[in-house]
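Participant: predicted structure and sequence below. I'll ask about it afterward.
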Amino acid sequence: MVKILDSTLREGEQTPGVYFDGHIKLAIADHLDAIGIDIIEAGHPMVTKEIHEAVQQVANRGLKAVVGAHSRSVKADVDMALECGVGFLGIFYCVSEERLSGVFKKELNTAIDQIAAMIAYAKEQKPDLLIRYTPEDTVRSKFQNVLDASCAAVEAGADIISVADTTGYMIPGTNHNMYDYIARLKEELDKKDHRPMIAVHCHNDLGMALANAMDGYRAGAEIIDASVLGLGERAGIVDLAQLIIALTDEFHEGQRWHADKLMELYQLVSQYSGVPIPVNFPIMGKNAFTHCAGVHTHAAIKNPAHYQSLNPSLVGREMKVSLDHMSGVSSLEWALDRLNIELEKDILMHVLEIVKSIGQKGRTVDHTELKHIVEWCLKHPANN
């Protein structure tokens, strides 16, 4: 059974200009918990005093979810995270040849010793702590380096190895795809009698984050990282709502996630992050279940499945029909029916003419305006 790790409060705050005050972080955590998210990554306590305090508050909130903190492979970071009372600790350290030589100025063995020492130290302090080790930029690093570091991490007490596509490099169906990488890593770890949980952390630089995450899932990854609105560095990571629906609708994993609570969470995060929900955003966007063209709406009104692969009620939403220059009689009748209005054909066509003219100005007609148009047409027949 796959688990979801939400990183809105950690990775999400790495979105330029995004910061959540402590009380908003608690509200976001409460919503995530109500949805049924398995792990909430609350932040990196070493970054600021305020983040440290917020992580501590979330960790002591009494949530059903496991609350986690982010940490460099440094004792000061580990100590500060443990002080917060978290049940999950994510330790990261890149083992690519370029970073080791150009940034850290360390040999691989020295880096691995440091990683293992910090994991062992954290486990000694809190034996029931869930520890994840992430080789940053995993998929572009030398595979043997990743394998060696992962084995040492597991032997030191790591419960999870996270495969990070830090730059959104992976593409399904190519020679660098997440399915093959996860399958190979699991196989090589198994040969050494190591069976940690495998997580995937996929960035969206090429728009492939969700596809790569699903590739990882199909190959046996047990944890998938996501965030609300896909917030994160650069183009962000996997969007939480899209992930939940993919796992629920196609792979039947979502019995424990309350997808109908997603919209309230998205509105909260959007408001306090200052990042609007794009109108064409899958699942949560305003237009996600709105039909426009006449041919589409005519068929969708009779049976929504003609032009919808997902029932919007799953996320607490409903199908809508747009009234604009693309509208036909069926679209207008659908809207009028919801207003309990019946019109003779000549008046109906007059209303439709006005609706289409408004649509050509670049906007849509809502139900309030439609009532005004109907009133106008009843008092001003088209032929007078």
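Facilitator: Yes, it's here.

Participant: quick check: the nearest residue to R338 once chain neighbours are set aside vs I373, distance?
Facilitator: Spatial nearest neighbour of R338, chain neighbours left out: H367 (6.9 Å); criterion: Cβ to Cβ, 6 or more residues apart in numbering. To be clear about C-beta, it is placed using only N, CA and C from the backbone, and glycine gets the same treatment. Going from H367 to I373 by Cβ to Cβ, to the nearest Å gives 10 Å.

Participant: also A76?
Facilitator: 66 Å.

Participant: neighbour count winner among these two?
Facilitator: Comparing A76 with I373 by neighbour count (other Cβ atoms under 10 Å), the higher total belongs to I373, at 19 against 10.

Participant: how about the contacts made by that one?
Facilitator: Shown in contact with I373 (Cβ atoms under 8 Å, 6 or more residues apart in numbering): V351, I354, V355, V365.

Participant: burial measure for the closest residue to R317 other than its chain neighbours, as a count.
Facilitator: Nearest non-adjacent residue to R317, counting by Cβ to Cβ, 6+ apart: F289, 5.6 Å away. Using other Cβ under 10 Å, F289 is surrounded by 20 other residues.

Participant: now swap in D193 and tell me
Facilitator: 8.

Participant: for stretch 124-135, give the mean pLDDT please.
Facilitator: In this model, stretch 124-135 has a mean pLDDT of 98.

Participant: how about the contacts made by the residue nearest to R338?
Facilitator: H367 neighbours (Cβ under 8 Å, 6+ apart): A335, R338, L339.

Participant: D193: which element?
Facilitator: Secondary structure from DSSP states H and E places D193 outside every helix and strand.

Participant: start at 288 instead
Facilitator: I'll keep to 288 as the first residue from here, and by that count the last item is D480.

Participant: ok, it to A575 distance?
Facilitator: From D480 across to A575, the span is 46 Å (Cβ to Cβ).

Participant: can you show me the helices along the chain?
Facilitator: Assigned by DSSP state H, the helices in the chain fall at 309-322, 336-346, 362-370, 384-386, 395-412, 430-443, 465-478, 496-505, 527-532, 549-560, 581-589, 616-625, 632-646, 654-666.

Participant: lowest-confidence stretch among these?
Facilitator: helix 581-589 (a mean of 77).

Participant: so how far is that one from its chain's centroid?
Facilitator: 31 Å (Cα atoms, centre = their mean, to the nearest Å).

Participant: coming back round to it: okay if I get the helices of the chain as JSON lines plus distance to A513?
Facilitator: As requested, these are arranged in JSON lines below (distance: least, Cβ to Cβ, whole Å):
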{"stretch": "helix 309-322", "distance to A513": "10"}
{"stretch": "helix 336-346", "distance to A513": "17"}
{"stretch": "helix 362-370", "distance to A513": "21"}
{"stretch": "helix 384-386", "distance to A513": "26"}
{"stretch": "helix 395-412", "distance to A513": "25"}
{"stretch": "helix 430-443", "distance to A513": "22"}
{"stretch": "helix 465-478", "distance to A513": "15"}
{"stretch": "helix 496-505", "distance to A513": "8"}
{"stretch": "helix 527-532", "distance to A513": "4"}
{"stretch": "helix 549-560", "distance to A513": "12"}
{"stretch": "helix 581-589", "distance to A513": "29"}
{"stretch": "helix 616-625", "distance to A513": "35"}
{"stretch": "helix 632-646", "distance to A513": "36"}
{"stretch": "helix 654-666", "distance to A513": "34"}
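
Participant: cool, thanks, signing off.
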